[in-house]
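# Pasted the sequence and its predicted model underneath.
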Amino acid sequence: GRFALPFPNAAACDLAVDAPAHGSVVVQVRAADHMHAVIVRLPAGANLNGTARDADEAPLAHKHIEVWSLGSPQQRTVIGTLGPALPWAGGQLLAMAISDAEGAFSMGDLPAGAAVVALGPDDGCAAANVLLQAGGTATVSLQTSRPGTVHGRVAGEAPVEVFLYGGPTLVRTMAVTTGT
């Protein structure tokens, strides 16, 4: 797009363009450049292709796929934030897509860098790390795992509540013990 910025003096200045899907580009400009347009070329964004399948290799059709930038693990200090720190906790949602009937999805013009590709929170439990490179195409396969059951016994007073936290997507389940 077009822009116009007042030039403060005759000295050379750096013109910085920060485009989310392309990174930053810095071009040096001089007062004499006001006589003609400065053209800034942005590098190409990254592309992502992938498939989403269930534990039996069947396509996950019409599911939400999200791409997140990596965040910094958040401090866990209360019971509501137990479990492993999600790699995208504190990250930014970069893009979303819906898988087609064969479970395939693609997204373009993504910013270069490390990212996490995951099924949407209501569409299953699968995530993968990916390195997106400007002008390149990354490929990722998401596959859900078969759900299971954790069996156990709490020695001592009954009934008590038992919680399960964590996983590639946030899982929070609860059970109440019976008997002793």
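Everything's here; your move.

# which residues touch Leu15?
Shown in contact with Leu15 (C-beta atoms under 8 Å, 6 or more residues apart in numbering): 5, 26-29, 38, 40. All C-beta atoms are positioned from the backbone trio N, CA, C, and that covers glycine.

# so it sits in a helix?
No: Leu15 is assigned strand when assessed by DSSP: H, G, I helix; E, B strand; the rest coil, not a helix.

# Could you pull up the contacting residues of the residue lying closest to His64 once chain neighbours are set aside?
Once flanking residues are discounted, His64 sits nearest to Gly120: 2.9 Å by C-beta to C-beta, 6 or more residues apart in numbering. Applying C-beta under 8 Å, 6+ apart to Gly120 gives the contacts 63-66, 96.

# Show me which of these are buried.
The neighbour-count test (16 or more other C-beta atoms under 10 Å) marks 63-66 as buried among the contacts of Gly120.

# Next step: the contacts of Gly120 restricted to helices.
Among these, no member is found in helices (DSSP state H).

# Considering those, which is situated nearest to Gly103?
When the contacts of Gly120 are compared for distance to Gly103 (C-beta to C-beta), Lys63 wins out at 7.7 Å.

# Tell me how far that closest one lies from Ala126.
Distance check for Lys63 against Ala126: by C-beta to C-beta, to the nearest Å, it reads 9 Å.

# what touches both of these two?
Common neighbours of Lys63 and Ala126 (C-beta under 8 Å, 6+ apart) are 52, 119.

# Please spell out which residues along stretch 91-101 are buried.
Here stretch 91-101 shows 91, 94-95, 97, 99 as buried, counting by 16+ other C-beta under 10 Å.

# give me the low-pLDDT residue ranges for the chain?
The model of the chain has pLDDT under 70 over residues 10, 20-23, 31-35, 71-90, 163-177, 179-180.

# Please enumerate the strands of it.
13-19, 23-29, 46-53, 64-69, 93-98, 104-110, 113-119, 127-132, 137-143, 161-166, 171-176 (DSSP state E).

# could these go into JSON lines alongside distance to Arg153?
Putting these into JSON lines (distance: least, C-beta to C-beta, whole Å) gives the following:
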{"stretch": "strand 13-19", "distance to Arg153": "56"}
{"stretch": "strand 23-29", "distance to Arg153": "54"}
{"stretch": "strand 46-53", "distance to Arg153": "35"}
{"stretch": "strand 64-69", "distance to Arg153": "38"}
{"stretch": "strand 93-98", "distance to Arg153": "41"}
{"stretch": "strand 104-110", "distance to Arg153": "43"}
{"stretch": "strand 113-119", "distance to Arg153": "33"}
{"stretch": "strand 127-132", "distance to Arg153": "31"}
{"stretch": "strand 137-143", "distance to Arg153": "32"}
{"stretch": "strand 161-166", "distance to Arg153": "10"}
{"stretch": "strand 171-176", "distance to Arg153": "12"}
